[in-house]
Structures are given as structure tokens and as C-alpha cells.
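[1] How does the following fold in three dimensions:
(one chain, ligands or ions: 1)
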Amino acid sequence: MPHCSQGSRRCAVATENQVERAGVGASTHTCALPNSFGINCEDESTRNAPRRLARVLHRLPNGTGRNPKRHLRITFPSVGEPRLIIATGITFTSVCEHHVLPFSGHATVGCLPSPGAFVIGISKLARIVREYAARPQTQERIGEQVVAALVDCLDVQGAGCVLRASHVCMARPRGARAQGAHVTTEHLRGAFSYDAALRDCLFDAEAVR
Ligand SMILES: [Zn+2]
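    Numbering: from 1, shown residues only. Below you'll find the predicted structure:
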């Protein structure tokens with residue numbers, strides 16, 4: 001197998017420096033990965049492959065360092081009877097923590113406030129989805145965290161989240177080869193877990209999105 005004749009140490013240091021300048025401080029030996037694919041990192045075309053790889057990895061979502069629940073702190077008094085709120089088509093991109101490859105899709109989020117409860121601005125539903133997604137994740141955990149945040153931070157009768165995404169790791173040649181496949185996950189708490197009509201509202205909204 002071809003190997004970098006410059007010495008992998010030199011490549012690794014160059015890559016580390018580049019990534020550290022970007023504030024990541026990665027210690028990953030990124031020259032070894034192109035080498036393992038038979039890329040020698042020597043000629044004009046491939047010399048910068050380790051650096052490009054480090055840059056791609058650095059640009060994957062790695063968290064904002066902030067708690068998404070902060071978006072739920074600002075609430076407003078509700079008017080009249082509690083009304084079901086559903087936001088559809090919330091696009092998100094995340095990174096599969098198992099394969100360090102991206103997955104992306106859209107979310108449908110619903111919540112039913114308790115009578116007389118304060119409510120949030122609707123845009124906050126999109127913000128918490130995107131912020132929980134913006135870190136190495138599993139699709140299931142994003143949905144669980146979104147629903148848990150709504151139930152924990154707001155006075156609601158229930159909350160639900162449906163996520164539909166395609167995963168690069170499912171389409172890779174040595175993986176499931178499931179190009180075009182989507183994964184749907186459902187996360188239901190409170191009234192959404194026992195009220196079939198409420199649940200259907202959420203699923204119908206997701207279907208007609
Ligand atoms: Zn994966």
C-alpha cells in the first residue's frame with residue numbers, strides 16, 4: 001500500500017497545526033486515512049488531502065457549546081383555550097456519532113400548552129431542533145431531546161417530534177447501500193402518547209408537509 005514518503009509525522013503535524021489554528025486542537029493522524037485508501041499524499045493533486053480532510057472534519061457540526069433550552073426561556077401569555085401548535089418542515093443537518101458522517105432531513109414538532117400556560121414563539125421550535133442536531137448525534141436522541149426540552153421547560157399537556165432523515169452512512173458502498181432511503185423516528189410525551197387524535201394531527205402534518 002502506498003505510503004507518504006515525507007513521513008506521516010510531518011503530515012500529521014501540518015494537519016494538526018491547521019486544525020488547531022481553527023480552534024479544534026485535534027490530535028487525529030489525518031494523513032493515515034488517505035494512505036489507507038492508497039492515496040500517497042505526495043503529488044500535486046493529493047499533497048493537501050490530509051489538510052482538506054481535517055478541514056472537512058472540522059466543519060462538521062460539533063455543538064454550539066450552549067444549552068438549546070435557553071430558547072425556551074422567553075414565553076408569552078396565551079390567549080383563550082390551549083391550541084395545538086405544530087411546526088413542519090424544520091430542516092436540520094447533523095453528524096452520525098457512530099460513523100462521523102452527515103445525516104440530514106426535516107422535523108415536525110408539536111406541543112399542546114396547558115390551559116392558561118405561557119407559550120413560546122413558534123420559531124423557537126426550529127431553533128431547538130437545529131441546535132440539538134448541531135453536534136455528533138443519533139437521530140433518535142435528537143427527537144428525545146427536543147421533546148424532553150419542551151416538556152421540561154414549558155407547561156404543556158404533551159409534546160411530539162417526528163424526524164425524517166437520510167444518512168450518508170446508510171448509502172456508503174460498504175454499508176447498507178441504501179441510497180435514497182429515509183429513516184423516520186417518532187418521539188411522543190404526555191398527551192401525544194395516549195391521545196390518538198392528537199398524535200394523528202402530528203403525523204398528518206408531517207405527511208402533508
Ligand atoms: Zn451512521
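[2] I figured Cys161 hits Gly143, correct?
    Yes. Using CB atoms under 8 Å, Cys161 is in contact with Gly143, at 4.5 Å. All C-beta atoms are positioned from the backbone trio N, CA, C, and that covers glycine.
[3] Please identify every residue contacting each of the two.
    Ala107, Glu186, His187 (CB atoms under 8 Å, 6 or more residues apart in numbering).
[4] For ChimeraX, write the select line for the buried members of these.
    With 16 or more other CB atoms under 10 Å as the criterion, this ChimeraX line picks the buried residues out of the shared contacts of Cys161 and Gly143:
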select :107,186,187
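[5] Strands of this protein, residue ranges please.
    For the chain, applying DSSP state E gives strands covering 75-77, 85-96, 101-113, 118-120, 136-137, 156-167, 183-190.
[6] elements contacting the second one?
    What it means is strand 85-96. If contacts are counted by 3 or more CB pairs under 8 Å, 6 or more residues apart in numbering; DSSP states H and E, strand 85-96 sits against strand 101-113, helix 123-133, strand 136-137, helix 139-153, strand 156-167, helix 196-207.
[7] for the strands of the chain, which one sits closest to the ion?
    strand 85-96 (3.2 Å; CB to the ion).
[8] Would you list the strands that that closest one pairs with, along with their directions?
    Sheet pairing for strand 85-96, assigned by DSSP bridges, gives strand 101-113 (antiparallel), strand 136-137 (parallel).
[9] The longest one versus helix 123-133: what angle between them?
    For strand 101-113 and helix 123-133, the angle between their directions (axes from the mean of the first three to the mean of the last three CA atoms, to 10 degrees) works out to 150 degrees.
[10] For this structure, give me the ranges with low pLDDT.
    Applying pLDDT under 70 to the chain picks out residues 1-30, 172-178, 209.
[11] So which bits of it are right by the ion?
    Cys96, His98, His99, Cys169 (CB under 5 Å from the ion).
[12] one more time with 6 Å
    Of all the residues in the chain, those in contact range of the ion (CB under 6 Å from the ion) are Cys96, His98, His99, Leu101, His167, Cys169.
[13] and the residue lying closest to the last one once chain neighbours are set aside, how many residues sit next to it?
    What that stands for is Cys169. Nearest residue to Cys169, sequence neighbours excluded (CB to CB, 6 or more residues apart in numbering): His99, at 3.8 Å. Residue neighbour count, defined by other CB atoms under 10 Å, stands at 14 for His99.
[14] Check whether His99 really touches Thr138, as I assumed.
    No. Using CB under 8 Å as the test, His99 is too far from Thr138 to be in contact (10.8 Å).
[15] Could you say which of the strands of the chain is packed most deeply?
    Comparing the strands of the chain by mean neighbour count (mean count of other CB atoms under 10 Å), strand 156-167 comes out on top with a mean of 24.
[16] In CSV, list the C-alpha atoms belonging to that strand.
    Output in CSV follows, covering the C-alpha atoms of strand 156-167 (Å, rounded to 0.1, in the frame of the first residue of the first chain):
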residue,chain,number,x,y,z
VAL,A,156,-47.5,21.6,28.3
GLN,A,157,-50.0,18.8,28.2
GLY,A,158,-47.7,17.0,25.8
ALA,A,159,-45.1,17.3,23.0
GLY,A,160,-44.2,15.2,20.0
CYS,A,161,-41.5,15.2,17.3
VAL,A,162,-41.2,13.3,14.1
LEU,A,163,-37.9,13.2,12.3
ARG,A,164,-37.3,12.0,8.8
ALA,A,165,-33.7,11.9,7.6
SER,A,166,-31.3,10.4,5.1
HIS,A,167,-28.0,9.1,6.4
